[in-house]
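J.: kindly return the folded structure for what I paste below:
(chains A and B)
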There are 2 protein chains.
Amino acid sequence: MRTKLGIIAGGGAVPGQLIQAARSQGRDCFVLAIKNSADPESLVGVDHTWLRLGQAGKAFELLHEKNVGEVVMAGPVRRPTLSEMRPDWRTARFFARIGMKALGDDGLLSAVIGEFESEGFKVLGAHEVLGDLLAPLGVWGAVKPDAQAESDIARGIAVAQGLGALDVGQSVVVQQGIVLGVEAVEGTDALLERASGLRRAGPGGVLVKLCKPGQDKRVDLPTIGPDTVRKAHAAGLRGVAVEAGAAIVVDLDRLVQEADRAGLFVTGITP
Amino acid sequence: MRTKLGIIAGGGAVPGQLIQAARSQGRDCFVLAIKNSADPESLVGVDHTWLRLGQAGKAFELLHEKNVGEVVMAGPVRRPTLSEMRPDWRTARFFARIGMKALGDDGLLSAVIGEFESEGFKVLGAHEVLGDLLAPLGVWGAVKPDAQAESDIARGIAVAQGLGALDVGQSVVVQQGIVLGVEAVEGTDALLERASGLRRAGPGGVLVKLCKPGQDKRVDLPTIGPDTVRKAHAAGLRGVAVEAGAAIVVDLDRLVQEADRAGLFVTGITP
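T.: Below you'll find the model as predicted:
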C-alpha cells in the first residue's frame, strides 16, 4: 500500500484534479491549502488545513503528523516578498540559508523541493499523479496552424526558451513575427488581456507556453485548459502551442470543443 | 558647410530635441514626420512632410529632392504588421527582399539603415546630433541605490540583456529579486503602469533600461526623461537605472529635480 499523499494546493484547477485522481486511485490524501490561492470548493470532503506561505514549520509538522510519505505541489501561488511573508522560524531559517535576493521562481522552487526532501518526503510531479493529463504531441483539434502561425510559433519558442533560461516566465504572444508580450509574474491570463489591446491588423497571433529549460518537472508546470483557449480567442489569437509531454492539460475534451468552436488551433510541440 | 539633415520623426520628445539642436547649430533640416507618431507641435516653423510608414518610395524621393545628405531617426513608432502597412512599391520590394516574418525590431531597423545607406544617405545616431544628452555614468541626483536596489539592478541587467539578445525589449522591472514585468511592444510606460498593480509589500523595485546587446546605436536608443521618473514613482519604484553613454536623456536637469523631490535614485550603469 502506498503512503498518504500530501497535496500542496495553490490556485487553478490542477490541485482539484490531483484530489480527484487520488480519490479515484483509492489513495488517502491530505491537503495543505495555500491561503488566498487554493480554491475552497475543491477541498469539500477532503482532509485539509489552510496555511500561509511563510508557515513552513507548521506545514512540515502537519505533514509528519498525518503520516504523509509523498508530496505533490500544484497551482500558481502569488509570490510574496520576504517582507510581506511574515515567515515563521523554520521559513526564516530556510531563506537565511538560501538567500532570497536573486532567486527566480525556478531557483526558489528547486530549493523548496530540496527542503521537503531533507524532511524525508518524496516529491512527485503533478504529471506522475495525473498521468494521462500531459499535453499530447501534435494538433489536438480540427484546426491546423498555417505557415504564418508556424513561423510565429518558432519565434515564440526562441523567445520563451530565452526567457525561461533567465527564470522569468513561460509564455509569449507573437503575431506576424512581432512579440506582442512576454510573461513575468502577471501570469498568462494577464498577458492575454494585454495582448488583446496590442494586436495588429491581419492574421492573429499565437500563444506559446513552454517549460523553462532545466526546470524541475515536479513543480510549476505550464498549464492550459478551456479557459486558456477562451481567453486566447478573446485576445484575437489564432492558436495556442504548448510543450508536449510537459504541460498539464485541464479538461482536454472541453478544451478541444472550445477550440474547434472558436476556430483556434491547439498543438503540442517539442521545442 | 554640412549637408542638410533629414530627421525621421517618431513619437516622444527626442525628434523635437533634434530639430532644436540642428537649429542651434545653424544647420538646415527637413523632417519626415511619421503619421500617428510624431508630435505636431515640434514641427512648427520647420520644413516637414507627413508620411505613413509604408511610403518608403515617397520618403526617398523627398529626401533626395530636398538635398538631404545625412539622416537621423528618433522616437518610437508603433510597429504595424505587413498587412496593415499598405506598402508602396518601394516598401514592398524592401520587405520582399529581407522577409519580415521572424525579424525583431532590431533586425528590421538594421535593414532599414542599410536601405538608407544604399540610397546614398549617411545615417547618424541621435546622440551624434545631440552630443551631451547621453546618460552620464553614476548616480545623477541626491538619492543613492541601497544594497537591495543594487541587487535588483543586477538581476534586471541579466534579464534585460537576455531579453535584448532575443531582440524583444529593453526594459525590466525588478522588486526584491522578483521580475515584476518585462517589456515587449507595449513600451516602458505601459510596463510601469502594469508594475504598479503587481508590486509587493516592502522596499519598492527598480526600472532597468538598456540597449540591446549588438543593437545598432544609430536607432531606437533607450530614452528616459522627467516623465519616466514620475511614472516610476507612481508605480512604487525606488529608482531607475539606464545604460550610461547609450541611453538618451530628455531634460536632465528637470529629471534630476523630479527624482530628488520624489526620493528616487537615477543612475547610469555599464552592464
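
J.: use CA for all of it now, contacts and neighbours both
T.: Fine.

J.: now residue A:142, what are its backbone angles?
T.: Main-chain dihedrals, residue A:142, degrees, to the nearest 10: phi -90, psi -20.

J.: what's the closest non-adjacent residue to it?
T.: Leaving aside its sequence neighbours, residue A:142 sits nearest to residue A:260 (C-alpha to C-alpha, 6 or more residues apart in numbering or on different chains; 5.9 Å).

J.: count of neighbours near the nearest residue to residue A:173 once chain neighbours are set aside?
T.: Closest residue in space to residue A:173, ignoring its immediate chain neighbours: residue A:207 at 4.6 Å, by C-alpha to C-alpha, 6+ apart. Using other C-alpha atoms under 10 Å in any protein chain shown, the number of residues around residue A:207 comes to 30.

J.: same check on residue A:131?
T.: 11.

J.: need the per-residue pLDDT for it.
T.: On pLDDT, residue A:131 comes in at 71.

J.: now do the contacts for the residue nearest to residue A:142.
T.: A:141-143 (C-alpha atoms under 8 Å, 6 or more residues apart in numbering or on different chains).

J.: chain B: which of those is nearest?
T.: The shortest distance between chain B and any of those, using C-alpha to the nearest C-alpha, involves residue A:143 and amounts to 21.4 Å.

J.: got the residues of chain A near chain B?
T.: A:80-81, A:83-84, A:100-104, A:148, A:151-152, A:155, A:158-159, A:162-163, A:166, A:168, A:176-186, A:198, A:200-202 (C-alpha under 8 Å from any C-alpha of the partner chain).

J.: can you say which of those residues are buried?
T.: Buried by 16 or more other C-alpha atoms under 10 Å in any protein chain shown: A:80-81, A:100-104, A:148, A:151-152, A:155, A:158-159, A:162-163, A:166, A:168, A:176-186, A:198, A:200, out of the residues of chain A next to chain B.

J.: filter the residues you listed down to just the ones in strands.
T.: Taking DSSP state E, the ones among these that sit in strands are A:178-182.

J.: as JSON lines, those with distance to residue B:129 and pLDDT would be great.
T.: Listed next are those as JSON lines, based on distance: C-alpha to C-alpha, whole Å; pLDDT from 0 to 100:
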{"residue": "A:178", "distance to residue B:129": "30", "pLDDT": "91"}
{"residue": "A:179", "distance to residue B:129": "31", "pLDDT": "94"}
{"residue": "A:180", "distance to residue B:129": "32", "pLDDT": "95"}
{"residue": "A:181", "distance to residue B:129": "33", "pLDDT": "96"}
{"residue": "A:182", "distance to residue B:129": "34", "pLDDT": "96"}
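
J.: put the alpha carbons of stretch A:190-199 into PDB.
T.: Taking Å, rounded to 0.1, in the frame of the first residue of the first chain, the C-alpha atoms of stretch A:190-199 are listed here in PDB:
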ATOM      1  CA  ALA A 190      -3.000  39.000 -17.800                       C
ATOM      2  CA  LEU A 191      -0.600  38.500 -20.700                       C
ATOM      3  CA  LEU A 192      -3.500  37.500 -22.900                       C
ATOM      4  CA  GLU A 193      -5.600  40.500 -21.800                       C
ATOM      5  CA  ARG A 194      -2.700  42.800 -22.600                       C
ATOM      6  CA  ALA A 195      -2.100  41.200 -26.000                       C
ATOM      7  CA  SER A 196      -5.700  42.000 -26.900                       C
ATOM      8  CA  GLY A 197      -5.000  45.700 -26.800                       C
ATOM      9  CA  LEU A 198      -1.700  45.400 -28.600                       C
ATOM     10  CA  ARG A 199      -2.900  43.300 -31.600                       C
END
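
J.: how far does it sit from the chain's center?
T.: Its chain's C-alpha centre and that of stretch A:190-199 lie 20 Å apart, by C-alpha atoms, centre = their mean, to the nearest Å.

J.: which residues touch that stretch?
T.: Contacts for stretch A:190-199 (C-alpha under 8 Å, 6+ apart): A:173, A:175, A:180-183, A:205, A:231-232, A:234-236, B:185-186.

J.: buried residues of that stretch, list them for me.
T.: Buried-residue list, stretch A:190-199, by 16+ other C-alpha under 10 Å: A:191-192, A:194-196, A:198-199.

J.: go on, stretch A:118-130?
T.: Those would be A:121-127, A:129-130, for stretch A:118-130 by 16+ other C-alpha under 10 Å.

J.: so how far does it reach from one end to the other?
T.: Using C-alpha to C-alpha, to the nearest Å, the end-to-end distance of stretch A:118-130 comes to 25 Å.

J.: need the contact partners of that stretch.
T.: By C-alpha under 8 Å, 6+ apart, stretch A:118-130 touches A:17-18, A:21-22, A:60, A:68-74, A:113, A:116-117, A:133-134, A:217-219, A:248.

J.: equivalent analysis for stretch A:34-50, please.
T.: A:8-13, A:15-16, A:19, A:29-33, A:51-53, A:75-78.

J.: which strands and helices sit next to the helix or strand where residue A:93 lies?
T.: Element membership of residue A:93 [criterion: DSSP states H and E] is helix A:89-98. Counting contacts by 3 or more C-alpha pairs under 8 Å, 6 or more residues apart in numbering or on different chains; DSSP states H and E, helix A:89-98 is packed against helix A:56-65.
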